[in-house]
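Asks: sequence plus the predicted model coming up.
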Amino acid sequence: MNKPIYFPGLNGIRAIAAITVVICHLDQFAEVLGLQSIGFYKKGMAGQAVNMFFVLSGFLITYLLLKEKEEKGRIEFKKFYFRRILRIWPIYYLSIILTLVLIYAGILDHSTASLGSSIALYVFLLANVAIAFNLTVPTITPLWSVGVEEQFYAMWPWIVNKTKNYFKAFMWVIAIYMLLKLSCYFFFLKNGIYALVNYTRIDLMAIGGIGALAVFTNDKRLAILFNPIVQVIGWVVMFVMYRTGIIRISSIVDNEINSVFAFIVILNVAANAKTMFTLEHKIFNFLGKISYGIYVYHMLVIYCVGYAIHKLSFNIGNRIALNVICIALTILFAHISYKYFEQPILRKKKKYMVVASSNEKEA
């Protein structure tokens with residue numbers, strides 16, 4: 001097998017996105033820890049961080065599929081889906097099991113009337129449906145984005161395998177999605193249907209796919225994105241979002257507009273040999289490798305810490321201390337999970353690899 005494909009900086013993107021989500025949720029669910037929210041989560045950075053994950057996922061998966069089709073002449077669907085199952089399902093379902101344990105142990109409150117419906121949606125990878133129709137369970141609410149990615153994986157390899165004009169096909173996916181969202185905005189704005197479409201951000205992964213196509217074909221238009229001025233704009237806007245919040249125009253286009261800047265940053269750190277800002281650092285690499293676990297487990301940690309505080313009558317009261325405790329425990333739990341639970345399963349992916357890829361740079 002050839003040298004594994006490795007894109008520098010992607011672990012850094014994953015690390016930044018995952019920690020951003022944790023910080024936002026620590027503020028949003030501050031009451032669980034006996035604190036008051038300071039309103040940081042209202043800036044919308046958790047949603048922007050998830051959008052970054054979507055663009056990155058679309059970029060990486062599309063590039064690997066394009067490479068596979070180039071080398072083999074077709075996509076080997078069975079191997080693709082086994083790889084995705086081995087990567088996504090183990091801790092996805094583990095988090096659901098842990099949530100049920102917490103509920104039945106009395107650590108986590110949840111309405112028994114809707115619990116069955118909620119868990120069923122999560123089990124069948126429809127977590128985006130659960131959040132759109134207010135059937136969420138707090139500790140696994142973030143799994144809505146995993147459901148969206150799984151739905152993307154269900155369709156995307158078939159599109160790549162069938163089409164020859166990739167750019168046209170990817171643009172059609174974006175256009176159809178945007179038309180559907182626009183229609184739902186006018187006819188179903190006040191119910192869960194529009195919310196469901198708005199959460200199901202297939203177009204952002206298609207945008208990432210367009211970036212992958214540009215890199216794969218060495219498209220001359222990459223020179224525009226790699227221009228130092230464009231790079232600076234992308235990074236500055238992303239930084240300013242942390243200070244003032246995401247760009248808000250209309251829910252129809254907010255995700256897409258804000259994701260353009262994530263798209264610029266991702267392509268530059270991953271594919272621009274002259275990138276002005278590198279995210280290749282051992283801390284970023286460490287956090288990036290366990291970022292999926294950080295994302296999946298952090299709400300479980302927040303609720304367990306909150307329960308311990310109330311049950312044992314701890315009076316920490318210090319926001320910074322509590323946030324540091326929660327972040328540290330999340331990273332620890334994600335690291336243990338990755339080393340002792342995920343990695344043994346991920347080793348089995350090798351026999352299903354058609355195009356080798358790695359989240360670590362070879363020495």
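Replies: Yep, it's here.
Asks: okay, now A334: neighbour count?
Replies: 25 (other C-beta atoms under 10 Å). All C-beta spots, glycine's among them, are computed from the backbone N, C-alpha and C.
Asks: contacts only, for it.
Replies: By C-beta atoms under 8 Å, 6 or more residues apart in numbering, the contact set of A334 is 290-294, 296-297.
Asks: assign it to helix, strand or coil.
Replies: When classified by DSSP: H, G, I helix; E, B strand; the rest coil, A334 comes out as helix.
Asks: ok, now how distant is it from Y41?
Replies: 21 Å (C-beta to C-beta, to the nearest Å).
Asks: over to F170?
Replies: On the measure of C-beta to C-beta, F170 and Y41 end up 32 Å apart.
Asks: and those two? Which one has more around it.
Replies: Ranked by neighbour count (other C-beta under 10 Å), F170 and Y41 place F170 first, with 26 against 19.
Asks: test my guess that the more buried one contacts M205.
Replies: No - the pair F170 / M205 is not scored as a contact, 9.6 Å apart, by C-beta atoms under 8 Å.
Asks: how about A130: what's its closest non-neighbour residue?
Replies: Nearest non-adjacent residue to A130, counting by C-beta to C-beta, 6 or more residues apart in numbering: L121, 4.1 Å away.
Asks: what mean pLDDT would you report for the helix or strand the one you found falls within?
Replies: Assigned by DSSP states H and E, L121 falls within helix 112-123. Averaged over helix 112-123, pLDDT sits at 90.
Asks: and the helix or strand following that helix, what does it pack onto?
Replies: Moving toward the C-terminus from helix 112-123, the next helix or strand (DSSP H and E) is helix 127-132. Judged by 3 or more C-beta pairs under 8 Å, 6 or more residues apart in numbering; DSSP states H and E, the packing partners of helix 127-132 are helix 112-123, helix 144-162, helix 192-199.
Asks: the longest one - contacts with which helices or strands?
Replies: What it means is helix 144-162. Applying 3+ C-beta pairs under 8 Å, 6+ apart, one finds that helix 144-162 contacts helix 45-72, helix 77-104, helix 127-132, helix 166-187, helix 202-216.
Asks: tell me which residues of that helix are tucked away?
Replies: 144-153, 156-157, 159-161 (16 or more other C-beta atoms under 10 Å).
Asks: and for stretch 79-89?
Replies: 80, 82-86, 88.
Asks: stretch 115-130 now?
Replies: Under the neighbour-count criterion of 16+ other C-beta under 10 Å, stretch 115-130 has 118-119, 121-122, 125-130 buried.
Asks: residues in contact with it?
Replies: So stretch 115-130 is contacted by 93, 96, 100, 103, 110, 135-137, 140, 143-148, 150-151, 196, 199-200 (C-beta under 8 Å, 6+ apart).
Asks: let's see that with 6 Å instead.
Replies: Stretch 115-130 is contacted from outside by 96, 135-137, 143-144, 147-148, 150, 199-200, using C-beta atoms under 6 Å, 6 or more residues apart in numbering.
Asks: now swap in stretch 155-173 and tell me
Replies: 65, 74-75, 80, 206, 209-210, 213.
Asks: now do stretch 202-213
Replies: So stretch 202-213 is contacted by 51, 54-55, 57-59, 62-63, 152, 166, 170, 173-174, 177, 259, 263, 267 (C-beta under 6 Å, 6+ apart).
Asks: go again using 8 Å as the cut-off
Replies: 51, 54-63, 66, 148-149, 151-152, 155-156, 166-167, 170-171, 173-174, 177-178, 219, 255-256, 259-260, 263, 266-267.
Asks: can you say which of these are buried?
Replies: 51, 54-63, 66, 148-149, 151-152, 156, 166, 170, 173-174, 177, 255-256, 259, 263, 266-267.
Asks: F216 and I210: what is the separation?
Replies: 11 Å.
Asks: who has more neighbours, these two?
Replies: Just comparing F216 and I210: by other C-beta under 10 Å the higher neighbour count belongs to I210, 22 against 17.
Asks: ok, the contacts of A334 vs K311, which is closest?
Replies: Lowest distance from K311 to these (C-beta to C-beta) belongs to Y297, with 20.1 Å.
Asks: tally of neighbours for L108?
Replies: 20.
Asks: residues in contact with A17?
Replies: Contacts of A17 (C-beta under 8 Å, 6+ apart): 49-50, 52-53, 56, 291.
Asks: from those, pick the one nearest I283.
Replies: So of the contacts of A17, ranked by how close each gets to I283 (C-beta to C-beta), first place is S291, at 12.3 Å.
Asks: what does the pLDDT read for that closest one?
Replies: pLDDT, S291: 98.
Asks: what do you get for K43?
Replies: So K43 comes in at 96 (pLDDT).
Asks: how about the nearest residue to it, chain neighbours excluded?
Replies: Here the nearest residue to K43 in space, its sequence neighbours aside, is G245; by C-beta to C-beta, 6+ apart that works out to 3.6 Å.
Asks: same thing with F216?
Replies: L66 (4.8 Å).
Asks: tell me how far the one you found lies from I207.
Replies: Distance from L66 to I207, by C-beta to C-beta: 15 Å.
Asks: so in this structure, where's the weakest helix or strand by average pLDDT?
Replies: Ranked by mean pLDDT, DSSP states H and E, the weakest helix or strand in the chain is helix 112-123, scoring a mean of 90.
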